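[1] I'll drop the sequence and a predicted model, then ask my questions.
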Amino acid sequence: MEQIERNTHLPTRIAKQFAQRIHDGALKPGDKLPTEHAMAQSFGVSRTVVREAIAQLRNEGLVETRQGVGAFVVERQFRHIRLEDGQRMDKHAFSDLFQLRVPLEIEAAGIAAAHHRAEHLIQLDDSLARIALPLDWNTEGVAADLDFHRIIAQATGNEYFPQFIGAIADRVGHVIIAAREQTMPDEIRAITITEHTAIRDAIRARDPVAARQAMRFHLTGSAQRVGLALRFYN
């Protein structure tokens, strides 16, 4: 069984090990990561933890996942944005990072409404279905939620949106998980599904104005659910 650090969020520990192998060249572009089952056995963790680790690697721009096939190392053409570990940020720093997230994601939703392809709608629907599944809401649900936002970033057609939004999502995920542990899962799940469905519907309708409004409404509610008061400048 592989050894992992004990002072870091469990999925992050696993993601860091694979990220190091990729940076060192032990895993090269095109290489396939071990299966979820193999990784779960190797690290002695659940497959849910493995999925979150893979989601972090994907948000870092290190791997891509192919449905029914697995995760593969990708060619990194640009230096990825590196941010402070979300678990080490104080509340003020986290609030500032979330504040940065808001205008980026609002604009991404508007651009995605204008420029998305059919495959992006399929992926958004898949993420929505995962959000609605009665699985581990605090970990698997957050991973599906952040995947939804990552897909919107990709649907902009601007490669920098996924880099920035993915890096931020990886850092705020820990706090969102902690906040959900203090709430009623069924209530938050229903709200989350409603808000994400509104965003998906506006993007599908190719309505940039409605997509931006739906994303702003969602992020405002999300901030409140993690105890933040966002500042808007009109």
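    Yep, that arrived. Numbers count the residues shown, from 1 in each chain.
[2] which stretch of helix or strand covers M215?
    M215 belongs to helix 208-225 when elements are defined using DSSP states H and E.
[3] Report the distance from that helix to the chain centre.
    Remark: helix 208-225 is offset 16 Å from the chain centroid, using Cα atoms, centre = their mean, to the nearest Å.
[4] And the strands in this protein, which stretches?
    For the chain, the strands defined by DSSP state E cover 63-66, 70-73.
[5] quick one on the thing from earlier: other SSEs contacting the helix holding M215?
    Using 3 or more Cβ pairs under 8 Å, 6 or more residues apart in numbering; DSSP states H and E as the contact criterion, the elements in contact with helix 208-225 are helix 91-115, helix 185-204. The C-beta positions use only the backbone N, C-alpha and C, and glycine is treated the same way.
[6] Identify whichever of these lies nearest to F43.
    Across those, the minimum distance to F43, taken as Cβ to Cβ, is reached by helix 185-204, at 26.3 Å.
[7] tilt between the closest one and helix 91-115?
    Our comparison of helix 185-204 with helix 91-115, counting by axes from the mean of the first three to the mean of the last three Cα atoms, to 10 degrees, yields an angle of 40 degrees.
[8] Tell me where this structure is predicted with low confidence.
    Per-residue confidence for the chain (pLDDT under 70) gives these ranges: 1-8, 59, 76-90, 134-139, 173-185, 228-234.
[9] ok, now which ones touch the residue nearest to L33 when sequence neighbours are not counted?
    Closest residue to L33 in three dimensions, ignoring its sequence neighbours and counting by Cβ to Cβ, 6 or more residues apart in numbering: A71, at 4.3 Å. Listed by Cβ atoms under 8 Å, 6 or more residues apart in numbering, the contact set of A71 reads 32-33, 54, 57-58, 63-65.
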